[in-house]
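**Q** Quick one, fold the following:
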Amino acid sequence: MNPLAHDDFRWLLTGRTCGELGNAVAPVALAFAVLDRTGSAVDLGFVVGARSLASVLLVLFGGMLADRLPRSVILQGSELASALTQAVIAASVLCGFGSVPLLVALSLANGAVAAVSLPAASALTPQTVPENVLAQANAYVRIGANLGRFTGAAVGGVLVAGLGSGWAIAVNASLFLSAALSYRRIRVEPAVVPSSRPLAELAEGWREFSSRSWIWTVAAQFCVVNAVNAGAVQVLGPLIADHTIGRRAWGLILAAQTIGALAGGVLAARWQPRRALLVGVAVTFADVLPLVFLVQVPLVLPLLAAGFVNGVAIEVFTVAWDVSLQENVPADRLSRVYSYDLLGSIVALPVGAVAAGPLAARFGTQPVLLAGAAAIAVATAGALLNREIRILRRRGPRATPV
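**A** I've put the predicted structure just below:
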């Protein structure tokens, strides 16, 4: 059966797509808003790092909340809060009172909202479709999300270049409202009967997370991968683009990555290897490509190609990861396991974002980017040494051999 035959899944897909469309505009616009105001990679690192810091601090709370309350309700509230914070950021930029401390504070608020919503969004999919179409449903969600990211990245670059960063940020506020309205239409039962012992719930989630070495190994791998990308792509990338290829070209490169992710989602919907997690972890080596191509004098065409390949790899991994968790972790603990996974994956994001500027100033952008590429390669190779990652197989009936 096609996942789109289910009403709840269609509304989930619409909400995720609208939300990602709004989210895609924001990083491009916010990065150049900070650079326009201060021209400092250090200031940009603080603003980007603030959002990640709030997510790190609150993601466990978000996972516990998503296992206690209706996940669609959590997503409605988080999208409304995102709309409000983005509207305030847009007003601060357009009206000229967008100081770095204010943008840091608003980024903290935005990160807090994301921490609450991420575990709920990831754990809601299996409540909206039967298990036999779970892989296709995850792939469709990722395709929709990447359509939003592709459109948002392209629109963000054009809006920043043509109208300015403030109007670009204003666009995503209305998109978050659309996402909230979509989530309001979802009607599914809560996955569990909530407990009154939050600490016991967190401990139960930790036992589920720590008892499976394939989960915490991948979380450790992406602690490195995400930290490097936060500094290299979100901080040093816009800085390099501002002095070389230009802002519009940088927006197109981000869009190329999202087109690749869209292609990766289509591939994941049609190709479901039995050792999906092994394949997904292995293709993470592609994260090295954009960093290597940024090292020399950046050229648009090689960066477009690197972004596309990287995007395909991201989606192949993400679909494999989501299905692996959803098939092997009990539904009543899934959000908490997602939250521990997210915590491990993003705990170093603020460090990566904040440290990129000072490290580049001290050692130069080229050595920092090369060191980051080496760190990603080593972390990925290390994850592949885990036997559980190499042997874990899909349970789905349509899985095909690797």
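**Q** can you map out the helices along the stretch 151-300 of the chain?
**A** Counting by DSSP state H, counting those that start in this stretch, the stretch 151-300 of the chain has these helices, from start to end: 165-184, 198-210, 213-231, 237-243, 247-270, 276-282, 288-295, 300-328.
**Q** Name the next helix or strand downstream of the longest one, please.
**A** In other words, helix 300-328. helix 334-346 (DSSP states H and E).
**Q** For that next one, which residues meet the burial criterion?
**A** 334-346 (16 or more other CB atoms under 10 Å). C-beta here means a position set from N, CA and C on the backbone, and glycine is covered the same way.
**Q** Tell me the spacing between residue 394 and residue 164.
**A** Plainly put, residue 394 is 47 Å away from residue 164 if you go by CB to CB, to the nearest Å.
**Q** Compare these two (neighbour count), which wins?
**A** Set side by side, residue 394 and residue 164 give different neighbour counts by other CB atoms under 10 Å, the larger being at residue 394 (20 against 17).
**Q** was I right about the more buried one contacting residue 328?
**A** No. Judged on CB atoms under 8 Å, residue 394 makes no contact with residue 328 at a distance of 10.1 Å.
**Q** Just list the residues touching the residue lying closest to residue 392 once chain neighbours are set aside, thanks.
**A** Spatial nearest neighbour of residue 392, chain neighbours left out: residue 277 (4.9 Å); criterion: CB to CB, 6 or more residues apart in numbering. The contact partners of residue 277, taken as CB atoms under 8 Å, 6 or more residues apart in numbering, are 214, 218, 320, 321, 324, 389, 392.
**Q** Neighbours of the fifth one, how many?
**A** Right, residue 324. Counted with other CB under 10 Å, the neighbours of residue 324 add up to 22.
**Q** With the third one instead?
**A** One way to gauge burial is a neighbour count; for residue 320, by other CB under 10 Å, it gives 26.
**Q** One more: the first one?
**A** The number of residues packed near residue 214 is 21, by other CB under 10 Å.
**Q** Could you report the pLDDT at it?
**A** Among the per-residue scores, residue 214 shows a pLDDT of 93.
**Q** Touching, it and residue 393? I think so.
**A** No. Judged on CB under 8 Å, residue 214 makes no contact with residue 393 at a distance of 11.6 Å.
**Q** where in the stretch 251-400 of the chain is pLDDT low?
**A** Counting by pLDDT under 70, the stretch 251-400 of the chain shows low-confidence ranges at 297, 396-400.
**Q** one step back: need the buried residues of helix 334-346 in TSV (columns: distance to residue 78).
**A** As requested, these are exported to TSV (distance: CB to CB, whole Å):
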residue	distance to residue 78
334	18
335	13
336	17
337	19
338	15
339	14
340	19
341	18
342	14
343	17
344	21
345	19
346	16
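**Q** closest to residue 168 among these?
**A** residue 346 (24.5 Å; CB to CB).
**Q** For that closest one, give its distance to residue 26.
**A** From residue 346 across to residue 26, the span is 17 Å (CB to CB).
**Q** and if you look at residue 14?
**A** Relative to residue 26, residue 14 is positioned 19 Å away (CB to CB).
**Q** Please apply the same query to residue 133.
**A** Distance check for residue 133 against residue 26: by CB to CB, it reads 32 Å.
**Q** Looking at the two, which one has more neighbours?
**A** Summary of the neighbour comparison: residue 133 and residue 26, criterion other CB under 10 Å, with residue 26 having more neighbours (28 against 20).
**Q** Could you pull up the contacting residues of that one?
**A** Taking CB under 8 Å, 6+ apart as the definition of contact, the neighbours of residue 26 are 86, 156, 169, 172.
**Q** rerun at 7 Å
**A** Remark: with contacts taken as CB atoms under 7 Å, 6 or more residues apart in numbering, residue 26 is in contact with 86, 169, 172.
**Q** buried subset of those?
**A** In those, the ones that pass as buried (16+ other CB under 10 Å) are 86, 169, 172.
**Q** Out of these, which is nearest to residue 384?
**A** Using CB to CB, residue 172 is the member of those that sits closest to residue 384, with 37.1 Å.
**Q** Quick check: the nearest residue to the closest one once chain neighbours are set aside vs residue 168, distance?
**A** Among residues not flanking residue 172 along the chain, residue 22 sits closest, at 3.4 Å (CB to CB, 6+ apart). Between residue 22 and residue 168 the computed distance is 11 Å (CB to CB).
**Q** how many degrees apart are the longest helix along the chain and helix 247-270 in direction?
**A** Ranked by residue count, the top helix of the chain under DSSP state H comes out as helix 7-38. An angle of 160 degrees separates the directions of helix 7-38 and helix 247-270 when computed by axes from the mean of the first three to the mean of the last three CA atoms, to 10 degrees.
**Q** Packing partners of the helix or strand just after helix 7-38?
**A** Using DSSP H and E, the helix or strand that follows helix 7-38 in sequence is helix 41-66. Helices and strands touching helix 41-66, as assessed by 3 or more CB pairs under 7 Å, 6 or more residues apart in numbering; DSSP states H and E, comprise helix 7-38, helix 100-128, helix 198-210, helix 334-346, helix 349-363.
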